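> Mind looking at a prediction? Sequence and model below.
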Amino acid sequence: MFFLGYIIKVVSVLDVGQGKVVPNTGLAEFKSKYQAIVLKPFVGGMSRSPQMGFFAEVGPLSIFVSSHLLPIDYKFQPDANPPEFTSPTDKLVKGRKVRLRIVGTRVDANEIFAIGTMKEDYLGPFD
């Protein structure tokens, strides 16, 4: 099976097969089986606060939440120090924990990018 994600930690090595040398490189390849703790972003599932939205970090994964994907009552406050999104009852500030849902992912050669939303029930900031 082939999954795109991040290996957080290899817990145990179950089997290492016979290796083969990769021509002209001096490298060797081994087929192996292992158990690991992984982070796999999938559709369905705060560091900066620019006017267009904010980035949330989940381990090595950075998730962008556009201001269009925030609940309607959140407004950008550029005069706050640092700038933030606020609603009548809450604030989104750097370091605040948020619940969000991933609505899209894109994979480049070395990185996974994700887009998130908070425009659903049970999503948003929490302590």
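All right, it came through fine.

> so where's this structure uncertain?
Applying pLDDT under 70 to the chain flags the ranges 1-4, 40-50.

> hmm, 80 instead?
1-6, 8, 38-51, 59-60, 82-83, 93-95, 107-111, 127 (pLDDT under 80).

> So which residue is dead centre in it?
Leu61 (3.2 Å; CA atoms, centre = their mean).

> which ones are touching that one?
Leu61 sits next to 6, 39, 41, 112, 114 when contact means CB atoms under 8 Å, 6 or more residues apart in numbering. (Each C-beta comes from the backbone N, C-alpha and C, glycine too.)

> any idea how this protein splits into domains?
As recorded under automatic domain parsing, the domains making up the chain are 6-39, 53-126.

> max-length strand in the chain?
strand 6-16 (DSSP state E).

> May I have that strand as PDB, with CA atoms only?
Only the C-alpha atoms of strand 6-16 are listed here, as PDB (Å, rounded to 0.1, in the frame of the first residue of the first chain):
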ATOM      1  CA  TYR A   6       4.800  11.700   7.700                       C
ATOM      2  CA  ILE A   7       6.600   9.000   9.700                       C
ATOM      3  CA  ILE A   8       6.700  10.300  13.300                       C
ATOM      4  CA  LYS A   9       8.500   7.300  14.800                       C
ATOM      5  CA  VAL A  10       9.400   3.700  13.800                       C
ATOM      6  CA  VAL A  11       8.100   1.600  16.700                       C
ATOM      7  CA  SER A  12       9.500  -1.800  15.600                       C
ATOM      8  CA  VAL A  13      11.100  -3.400  12.600                       C
ATOM      9  CA  LEU A  14       9.300  -6.600  11.600                       C
ATOM     10  CA  ASP A  15      11.400  -7.800   8.600                       C
ATOM     11  CA  VAL A  16      14.400  -6.600   6.500                       C
END
